[in-house]
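K.L.:
dropping the sequence and predicted coords here.
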Amino acid sequence: MSAATSSLTAAFSAFAREGGYLLRDNRIYGACRRYPFEAALASHGRGAVCFFFRINGILSTDRLKSLRETLGQGWTIGVVSSGTYSLTYKPTREQSESPDFAGAVEHMAKALQADRIPVPDTCPLCQKASCDALAKVQDFGFGPVHRACLRKAEKTLRPVRASGSRALGLIGALLGTLVGLIPSIFTIVLLDRVFLLAYAIPPLCAFQGYKLLHGRMDRHAPLVTAALFSLAATLLLGLGHCAYAAQGLSAPAQLLELWSARYGLGELLKELLVWVFGSWLAWGQFSRSSGYAAHSIQTSLDTMTDRNGKALASSKRA
């Protein structure tokens, strides 16, 4: 680790300690003037620190310009997505003084107040206001939540995650994959083609089959099972399409010869790419599975602070 990175890391830790914020794995969770923020430290090269503010509004152009001038050298402002702003600090070789993280966060909060952007106060779990904590929630980032909602979700998901059978889940995934192939078989027979969207169906059906037969919903088993079975289904679709195109060939050797001639390495790579695309389309459903949801809720509990962004007593002891 370079001297610049060591200095930046020390300043990052001091900012969390002096502000009373929660520091977890090179990330800080806190709030300034009740606006939640998450800060991440990157230690490669000379290092960098990025603050994320997720808000319900848009800063005016004049306010952004003024903020850029106020922050000064080493700081940049970006728009990550709608309602999400980033403040990034990258030390330059000419800079010798420690970065003022507290001042930068304060300037950002003042800019939000000046543009009358409301403080976020809607819990993503129940969609109600009057939140009493802040936490990082899957797909929503770090923001307001109800402690009771997190505790209820944890209590609901914990026993589901620990129950089930992997063997039954494998059988369910196999049956689900076969069901997921049916639409593609119809399109091959009727239209002599396979639609790209059809590649998302086998992983979804494999996953649902795993759940329906009460497969064990830990963090990895449903995803790995669905991925492997859907990959096999993708290759079978390519082989089946090849077989349908050569209905006059009956011997397996001839079919494999045709596959290697017309569907060689390039076609195999194409099949793998569309499998990745299909799995990506199905990822939203995977990430909401009980195993992943249980892990996500635990992450939310680990990043929970009070409503003012201060670390809880239990978090400080940890």
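P.N.:
Structure received. Numbering: from 1, shown residues only.
K.L.:
list the buried residues in stretch 26-38.
P.N.:
Neighbour-count burial for stretch 26-38 flags 27, 28, 29, 30, 31, 32, 34, 35, 36, 37, 38 (criterion: 16 or more other CB atoms under 10 Å). Heads up, the C-betas are built off the backbone N, CA and C, glycines and all.
K.L.:
between those, which sits nearest residue 304?
P.N.:
residue 29 (8.3 Å; CB to CB).
K.L.:
sorry, back to before: tell me which two in the buried residues of stretch 26-38 are the farthest apart.
P.N.:
Farthest apart among the buried residues of stretch 26-38 - using CB to CB - are 27 and 34, which lie 19.7 Å from each other.
K.L.:
my reading is that residue 78 lies in a strand. Confirm?
P.N.:
Yes: counting by DSSP: H, G, I helix; E, B strand; the rest coil, residue 78 is part of a strand.
K.L.:
please report the distance of residue 54 from residue 122.
P.N.:
11 Å (CB to CB, to the nearest Å).
K.L.:
now swap in residue 300 and tell me
P.N.:
15 Å.
K.L.:
now residue 181
P.N.:
Taken as CB to CB, the span from residue 181 to residue 122 is 42 Å.
K.L.:
more crowded one of those two?
P.N.:
Using other CB atoms under 10 Å, the more surrounded residue of residue 181 and residue 122 is residue 181, with 21 against 16.
K.L.:
now do the buried residues in the helix or strand that one falls within.
P.N.:
Using DSSP states H and E, the element containing residue 181 is helix 166-191. For helix 166-191, burial by neighbour count (16+ other CB under 10 Å) applies to 168-170, 172-178, 180-181, 183-184, 188.
K.L.:
likewise for stretch 71-81?
P.N.:
Neighbour count says stretch 71-81 has 71, 74, 75, 77 buried, by 16+ other CB under 10 Å.
K.L.:
next one: that stretch to chain centre, how far?
P.N.:
23 Å (CA atoms, centre = their mean, to the nearest Å).
K.L.:
again with stretch 299-310
P.N.:
Distance, centroid of stretch 299-310 to centroid of chain: 19 Å (CA atoms, centre = their mean).
K.L.:
which residues does it contact?
P.N.:
19-22, 24, 27, 29-32, 34, 36-37, 131-138, 142, 144-145, 147, 150, 154, 311-312, 315 (CB atoms under 8 Å, 6 or more residues apart in numbering).
K.L.:
of these, buried ones?
P.N.:
Using 16+ other CB under 10 Å, the buried ones in these are 19, 21-22, 27, 29-32, 34, 36-37, 131, 133-137, 142, 144-145, 147, 150, 311, 315.
K.L.:
can you pull out the helices in the stretch 101-250 of the chain?
P.N.:
101-114, 147-162, 166-191, 201-212, 221-245 (DSSP state H, counting those that start in this stretch).
K.L.:
could you list every helix and strand in contact with the shortest one?
P.N.:
Read it as helix 201-212. Packed against helix 201-212 by the contact rule (3 or more CB pairs under 8 Å, 6 or more residues apart in numbering; DSSP states H and E) you find helix 166-191, helix 221-245, helix 265-287.
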